[in-house]
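In: Generate coordinates for the sequence data below:
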Amino acid sequence: MGAMRTLLEMKNITIEFPGVKALDNVDFSTETGVSHALIGANGAGKSTLMKVLSGAYNHYTGSIYMDGKEVTIRTPKDAQDLGIQIVYQEVDTALIPYLTVGENIMLNETVHDMGSKQFVNYKEIHRKATEVLKSMHIKVSSKKLVSDLTLAEKQMVLIARSISKECKFLILDEPTAPLSHAETTELFRIVRDLKAQNVGIIFISHRLPELFEICDEITIMRNGKFVIKEKIADTTQARVVEYMLGQKLEEQFPKFQGEIGNKVLEVKGLYDKSVVKKVNLYIREGEIVGLAGLVGAGKTEVCKAIFGAEAKTAGEINIKGRSLKINNPYEAVKQGLALVPEERRKEGILVQETVTTNLSAANLKKFSKAFSFLNFKGEKKNAQDIIKSLGIKTPSTETKVQNLSGGNQQKVAIGKWLVADAEVYIFDEPTKGVDVGAKKDIFELIAGLAQRGKAILYASSELTEIMGITDRVYVIYDGEVVKEIETKNTSEEQILYYSTGGK
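Out: Next comes the predicted model:
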């Protein structure tokens, strides 16, 4: 190896938030030129530890060393001056949409020039930005507006911005969650390039197969504590899961044989303005029907078109034989439909509000008596019941949802609809960004709904889940249903074959 390695060590890091000890004497170490996976169940403290390292939290105790010398990191600027950069999961908040790619990449310099009242040299900014983009083989023009980029491109731009400065360690928090297969491959190419240039990559993710593909080392955390650090070559996915959960991985999917009854939902000839083409499907009482397909195949669009969240241009939707006129989600809920959307932070929950408010948002009728006075006691009782049945980790029913971990936010998004007592439940990627433990809770909950005779549409690009929980599957490719199969008569390979356009 040509370049000298830089060793980074965090020792005895402890941090508390009201009611929660988020990190408890955690040790973490890695070096430049290595890609290091940081993994743990939801709420294990991975993101918190990386926020300490990137200077977002300053009220921690413990010490951080670089090459054996103690360094001070209490602000994002401290971290950046040491060459530590982070790309958060919510890429949208980190970029300025009305500026160009080049201005965003060279943001610190642009702001610096403006501050010292100098003339901003845009030509120079675009020249430098183009160089950075080129060096990473990213095919995005530096003159393009950020608001016109795809999610994957925005992420590439953020990485380019990190690298445009002297970067020793790059932290990627769930970077592949919103990416398609091709985009993930592209991201991994960039990670390998950076590694070759002696940058240390710290990768937070729930997707074990990809960590095993891209990382050299792995650190596992559980409940705010360090569990173990290992070389990827010396461990297995099953073992990692056991360390994450602190126990052997039980059967993930609930074993139950539901009574399947009459048709509840029937969709005929559904089209939307963009992707969905002549979709026909039906679901019976007590049946869990999968909607399988790759990222970008149109699963979300089908869910939204049924729910009235996207305009449909043709087709009819029947519930128990009644033809529905659904033009918006409000009508859908009144007709007995519930949707747990994929983009939970945007659509599924009110992050600024408390857990109680969120859990009763879908069905305020139930909690408001005549003259619409809210029944706060009932609301709180309901919240406590749901928190218990879903295993939501929250200091109290009055905690703001934005202070919960991702998996717990997802459970709140789902819990919200359980109060509504719908006939048909549509789940769009309900386990996205959620760890194994929380997944199990979500599967049991869905199985419980099926046992109560509800009709369930389960859209997911995770084939293992489709195989594990559904009775029947519709495979969707390019907005069309290309295959309908009984789950027990198929395999992951077969579903993947149809998902990729196989005939």
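
In: Contacts only, for M221.
Out: 26, 38-40, 44-46, 49, 227 (CB atoms under 8 Å, 6 or more residues apart in numbering). Glycine gets a C-beta too; all of them are placed from N, C-alpha and C.

In: 10 Å instead, please
Out: Residues near M221 by CB atoms under 10 Å, 6 or more residues apart in numbering: 23-24, 26, 28, 38-41, 43-46, 48-49, 227-228, 243-244.

In: Now, the residues you listed that are in strands?
Out: Here DSSP state E is the test, and the contacts of M221 give 23-24, 26, 28, 38-40, 227-228 as lying in strands.

In: these two touch, right, I326 and I317?
Out: Yes: I326 lies in contact with I317 (CB atoms under 10 Å); the separation is 6.3 Å.

In: Pull up the overlap in contacts between the two.
Out: By CB under 10 Å, 6+ apart, the residues touching both I326 and I317 are 305-308, 332, 335, 337.

In: Read off the pLDDT value for the closest residue to T72 other than its chain neighbours.
Out: Spatially, and ignoring its direct neighbours in sequence, T72 is nearest to D78 (6.0 Å; CB to CB, 6 or more residues apart in numbering). Note for D78: predicted pLDDT of 94.

In: Quick check: phi and psi at D78.
Out: With angles defined as degrees, to the nearest 10, D78 sits at phi -50, psi -50.

In: Pretty sure it sits against V71.
Out: Yes: between D78 and V71 there is a contact at 7.9 Å, judged by CB under 10 Å.

In: Overlap of the contact sets of the two?
Out: 64, 84.

In: Domain-wise, how is the chain divided?
Out: 1-83+167-246, 93-165, 263-499 (automatic domain parsing).

In: These: which one's closest to F256?
Out: F256 lies closest to domain 263-499 among these, at 5.4 Å (CB to CB).

In: start to end distance for that closest one?
Out: Distance between the two ends of domain 263-499: 26 Å, counting by CA to CA, to the nearest Å.

In: from here on, count from 191
Out: From this message on, residue numbering opens at 191, which makes the last subject domain 453-689.

In: per-residue confidence averaged over that domain?
Out: Averaged across domain 453-689, the pLDDT comes to 80.

In: can you map out the strands along the stretch 491-640 of the chain?
Out: All strands of the stretch 491-640 of the chain, identified by DSSP state E, counting those that start in this stretch, fall at 502-509, 512-514, 527-530, 614-618.

In: now E373, nearest residue through space, not along the chain?
Out: Nearest to E373 is A342, by CB to CB, 6+ apart, at 3.9 Å.

In: can you check T425 too?
Out: Closest to T425 by CB to CB, 6+ apart is I408, at 6.8 Å.

In: Equivalent analysis for Q600, please.
Out: In this structure, Q600 finds its nearest non-sequential neighbour in V624, 5.3 Å apart by CB to CB, 6+ apart.

In: Quick one, grab the pLDDT at L362.
Out: The model reports L362 with a pLDDT of 92.

In: For my notes, confirm it occurs in a helix.
Out: No: secondary structure of L362 (DSSP: H, G, I helix; E, B strand; the rest coil): strand, not part of a helix.

In: Please determine how far it is located from Y687.
Out: 31 Å (CB to CB, to the nearest Å).

In: If you count surrounding residues, which of the two has more?
Out: L362 (25 against 15; other CB atoms under 10 Å).

In: thinking the more buried one is in contact with L369, fair?
Out: No: contact criterion CB under 10 Å: L362 and L369 do not qualify, at 11.3 Å.

In: Please enumerate the helices of the stretch 491-640 of the chain.
Out: 519-524, 545-550, 554-557, 566-580, 596-608, 626-641 (DSSP state H, counting those that start in this stretch).

In: Partner strands of the next helix-or-strand element following the longest one, with direction?
Out: Going down the chain from helix 626-641, the next helix or strand is strand 645-650, by DSSP states H and E. Applying DSSP bridges, strand 645-650 is found paired with strand 478-482 (parallel), strand 614-618 (parallel).

In: Give me the distance between strand 645-650 and the centre of its chain.
Out: 18 Å (CA atoms, centre = their mean, to the nearest Å).

In: Based on its surroundings, how many neighbours for G643?
Out: Using other CB under 10 Å, the number of residues around G643 comes to 17.

In: Might you report the residue contacts of the residue lying closest to it once chain neighbours are set aside?
Out: In space, and not counting its chain neighbours, G643 is closest to E475: 4.6 Å by CB to CB, 6+ apart. By CB under 10 Å, 6+ apart, E475 lies in contact with 448-455, 510, 613, 640, 642-645.

In: related to what we said a few turns ago, make TSV from the domains of the chain and add distance to F443 to it.
Out: Formatted as TSV, the domains of the chain follow (distance: least, CB to CB, whole Å):
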stretch	distance to F443
domain 191-273+357-436	15
domain 283-355	30
domain 453-689	4
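
In: Tell me which of those approaches P444 most closely.
Out: Taking CB to CB, domain 453-689 is the member of the domains of the chain nearest to P444, at 4.2 Å.

In: re the thing from before, would you verify that the residue nearest to T425 is located in a strand?
Out: Yes: assessed by three-state DSSP, I408 belongs to a strand.

In: check contacts around it.
Out: 225-229, 393, 398, 401-402, 418-422, 424-425, 430, 433.

In: one more time with 6 Å, if that's ok
Out: Contacts for I408 (CB atoms under 6 Å, 6 or more residues apart in numbering) come out as 227, 420, 422.

In: Can you tell me how far the closest residue to F446 other than its chain neighbours is from A501?
Out: In space, and not counting its chain neighbours, F446 is closest to A637: 5.4 Å by CB to CB, 6+ apart. To A501, A637 is 33 Å away according to CB to CB.

In: between these two, which one's more packed in?
Out: Between A637 and A501, counting by other CB under 10 Å, A637 is the more crowded of the two (17 against 12).

In: wouldn't that one be in contact with K445 here?
Out: No: the criterion here is CB atoms under 6 Å, and A637 misses it with K445 at 8.9 Å.

In: Look up phi and psi at G692.
Out: With angles defined as degrees, to the nearest 10, G692 sits at phi -70, psi 150.

In: what about it, how many neighbours?
Out: With other CB under 10 Å as criterion, G692 counts 12.

In: Relative to V602, how far out is the residue nearest to Q600?
Out: In this view, V624 and V602 are 12 Å apart by CB to CB.

In: Looking at those two now, which is surrounded by more residues?
Out: Counted by other CB under 10 Å, V624 and V602 do not tie: V602 has more neighbours, with 26 against 23.

In: What's the separation between the more buried one and V591?
Out: Taking CB to CB, one finds V602 at 6 Å from V591.

In: repeat for L398
Out: Distance from L398 to V591, by CB to CB: 27 Å.

In: now do N452
Out: Distance from N452 to V591, by CB to CB: 37 Å.

In: repeat for G669
Out: G669 is 33 Å from V591, by CB to CB.

In: what's the answer for L239, then?
Out: Separation of L239 from V591 (CB to CB): 22 Å.

In: Of these two, give the one with the bigger neighbour count.
Out: Applying other CB under 10 Å to L239 and V591 shows that L239 carries more neighbours, namely 28 against 24.
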